[in-house]
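**Student:** Have a look at this fold, sequence not included:
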């Protein structure tokens, strides 16, 4: 009897080891792999970060430009950028899984890769709550479910702490400046707007239909935000990488100097927040959230 039970347990373990992997991506497609992926290419810096956080860094054989975190990612071979991929190099690396940034990578090149038979998995976190779920799905695909689950639990706990601390604070009208020129911002369908909301902020262009709408100077002045936020990528300006910097004289805000009656200008509430943490929908988005919440708290005091 004991021997029979042992044989059953062994057979079950063998079956589990070779069981198919079935996971649904953010495009609604279910990907089935015969076994966990061992040769993985990431097509976005945020996806690269999630792969490492989910315990699969040793499976990564290729990634795109600007994949610089964690430091080990800088040593991974580059296969182009999110806007222009080196298809020949990707094919040569022989991946058994390509993780795609849905709506962030060029669709024509992604379609070409899919037509060659490479397994593709689309990721696009629109809400902070989507990030731990993405980590867990990556863990399933890469065969690192325990590490991914642990990372997701840490993320959820940190998120819950930040949310309980900030979300009930008095509303602050926020203009988030993506670029200038052209003057671009974000709508409520973008994850940065989720960060703003959870810090007690109100995105003054949240109802725009586009994900990253272009707006006019006049529309921003009319919205009269309490604070203007802009991301910066110059590490020397913010060596610790996690804190916001009030910088009304920074070139990013030069357009607004002529509008002294606007609340954010009058009170000097123009803040730079670390670009990588706030712009990448990955594990470090909570560092970006902490930076935004700090800036909004200061804007509340200045009103």
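**Tutor:** Now that the structure is in, tell me what you want to look at. Just so it is clear, the model here is predicted, and its values are computed rather than measured.
**Student:** so who does residue 280 touch?
**Tutor:** Contacts for residue 280 (Cβ atoms under 8 Å, 6 or more residues apart in numbering) come out as 45, 46, 49. Heads up, the C-betas are built off the backbone N, CA and C, glycines and all.
**Student:** The last one against residue 282, yeah?
**Tutor:** Yes - under the criterion of Cβ atoms under 8 Å, residue 49 is in contact with residue 282, at a separation of 4.1 Å.
**Student:** Would you mind measuring from residue 272 to residue 281?
**Tutor:** Distance of residue 272 to residue 281, computed by Cβ to Cβ, to the nearest Å: 20 Å.
**Student:** Looking at those two, which one has more neighbours?
**Tutor:** Taking other Cβ atoms under 10 Å, residue 272 and residue 281 do not tie; residue 281 has more neighbours (28 against 23).
**Student:** Residues in contact with stretch 194-209: which ones?
**Tutor:** With contact meaning Cβ under 8 Å, 6+ apart, stretch 194-209 is reached by 126-128, 162-163, 166-176, 185-188, 193, 213, 215, 219-220, 223, 225, 227, 229, 278, 285, 288-289, 292-293, 296.
**Student:** Can I get the buried ones among those residues as something I can paste into PyMOL?
**Tutor:** Buried residues among the contacts of stretch 194-209 (16 or more other Cβ atoms under 10 Å), as a PyMOL selection:
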select buried, resi 126+127+128+162+163+166+172+173+174+175+176+185+186+187+188+193+213+215+220+223+225+227+229+278+285+288+289+292+293+296
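**Student:** Which ones among the contacts of stretch 194-209 map onto strands?
**Tutor:** Of the contacts of stretch 194-209, the ones assigned to strands by DSSP state E are 172, 173, 174, 175, 176, 227, 229.
**Student:** does the closest residue to the third one other than its chain neighbours have beta-bridge partners, and which?
**Tutor:** What that stands for is residue 174. Leaving aside its chain neighbours, residue 174 sits nearest to residue 201 (4.2 Å; criterion: Cβ to Cβ, 6 or more residues apart in numbering). Going by DSSP bridges, residue 201 is paired in beta bridges with residue 172.
**Student:** the strands in the stretch 1-150 of the chain, which residues?
**Tutor:** Counting by DSSP state E, counting those that start in this stretch, the stretch 1-150 of the chain has these strands, from start to end: 21-24, 30-33, 40-42, 60-62, 97-101, 120-123.
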